[in-house]
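Novice: Whatever this is, show me its structure:
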Amino acid sequence: MIRTETMRMSTVNGLAFKQKLQAGGTGITIMTPDDNAVFTINKRDGDCVPYGKGNGDVFVQAALDEALELTKRLPYKRLGTISKVYPDIHCDEGAVDLEVEDSKTEIDVITSAEYREFIAQYTDKNGKFSYQIMNKELIQFASKSSVVSKKLADKEDADSIVRYIVKSKAADLARNRGMDESMLTAFIDTFDSMDTRSAFKELKAYLRGKMSRKK
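Specialist: Predicted coordinates:
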């Protein structure tokens, strides 16, 4: 099961984690000793949308907001499922699968060397992935790259250049030949889904700024 570490909650007696959903996209799961509910994340506004049934008296807006905040920027891992949350917040992993656990075949970004190295390189001391650190380093890479300079001069679109930069940096960190295009798309989508914004927003802004100055 691809999910984040579990986080203890204060608004309800339970745990929250983020996971990949069978139907695609990202979900937030909240589990209490008596109930559990899954919510998808609306990419436009970052709000939680029910994914199936949920007790509205337990999973109130304050709980959803806390779950989003606690799991924001946590990196995904391949972890066991959680079957039960006990009153003391102890969790028993690996016993019973949740109905929304991944079952379809998809590109396994999480176990790739490129993903592991990106997480190791750009995770802060609190265990959360730092978009700021990552974008700063990718911008430094872009500013020194003759290939990027040529792409800017040739007026390639920003998204295409971002793909080149991410692929190049991932290959450098993992010390391999790099990802194919399908893997690269899944790689970028995975980092985008760790928060509600584009993971490479600052890098794109930098590139567009360089493009505008070249006109």
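Novice: for this protein, which spans come out with low pLDDT?
Specialist: Residues of the chain that meet the criterion pLDDT under 70 lie in 87-106, 196-197, 214-215.
Novice: how about the helices in it?
Specialist: Taking DSSP state H as the criterion, the chain carries its helices at 61-71, 113-122, 131-144, 146-153, 158-174, 181-192, 201-214.
Novice: Now render these as CSV, adding mean neighbour count and distance to Q22.
Specialist: Any C-beta I mention is one placed from the backbone N, CA and C, and that applies to glycine too. Output for those, formatted as CSV (neighbours: other Cβ atoms under 10 Å; distance: least, Cβ to Cβ, whole Å):
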stretch, mean neighbour count, distance to Q22
helix 61-71, 18, 19
helix 113-122, 18, 20
helix 131-144, 16, 27
helix 146-153, 14, 37
helix 158-174, 18, 27
helix 181-192, 17, 16
helix 201-214, 15, 28
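Novice: Quick one: closest of those helices to M9.
Specialist: Judged by Cβ to Cβ, the one of the helices of the chain that comes nearest to M9 is helix 61-71, at 5.7 Å.
Novice: Just give me how far that closest one sits from the chain centre.
Specialist: What separates the centre of helix 61-71 from the centre of its chain is 16 Å, taken as Cα atoms, centre = their mean, to the nearest Å.
Novice: And that helix, what does it pack against?
Specialist: Helices and strands touching helix 61-71, as assessed by 3 or more Cβ pairs under 8 Å, 6 or more residues apart in numbering; DSSP states H and E, comprise strand 7-8, strand 15-20, strand 26-31, strand 36-41, strand 48-50.
Novice: so what's the most centrally placed residue in the chain up against?
Specialist: For the chain, the residue sitting closest to the mean C-alpha position, by Cα atoms, centre = their mean, is M194 at 2.1 Å. Counting by Cβ atoms under 8 Å, 6 or more residues apart in numbering, M194 makes contact with 18, 72-76, 129.
Novice: make it 6 Å
Specialist: 73, 129 (Cβ atoms under 6 Å, 6 or more residues apart in numbering).
Novice: just to revisit the earlier point, for S182, which of the helices and strands packed on helix 61-71 is the nearest?
Specialist: Judging the helices and strands packed on helix 61-71 by Cβ to Cβ, what sits closest to S182 is strand 15-20, at 16.6 Å.
Novice: What are the buried residues along that closest one?
Specialist: Buried residues in strand 15-20, counting neighbours by 16 or more other Cβ atoms under 10 Å, are found at 15-20.
Novice: now those in CSV, with distance to T32?
Specialist: Supplementary listing: the buried residues of strand 15-20 in CSV, determined by distance: Cβ to Cβ, whole Å:
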residue, distance to T32
L15, 8
A16, 10
F17, 13
K18, 17
Q19, 17
K20, 22
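Novice: Can you tell me which of the residues you listed is nearest S212?
Specialist: Comparing the buried residues of strand 15-20 against S212 with Cβ to Cβ places K18 closest, at 35.7 Å.
Novice: correct me, but the closest one touches T71?
Specialist: Yes. In this structure, K18 sits in contact with T71. The criterion is Cβ atoms under 6 Å, and the distance is 4.2 Å.
Novice: Now list whatever residues contact both of the two.
Specialist: Taking Cβ under 6 Å, 6+ apart as the contact criterion, the residues that touch both K18 and T71 are T4.
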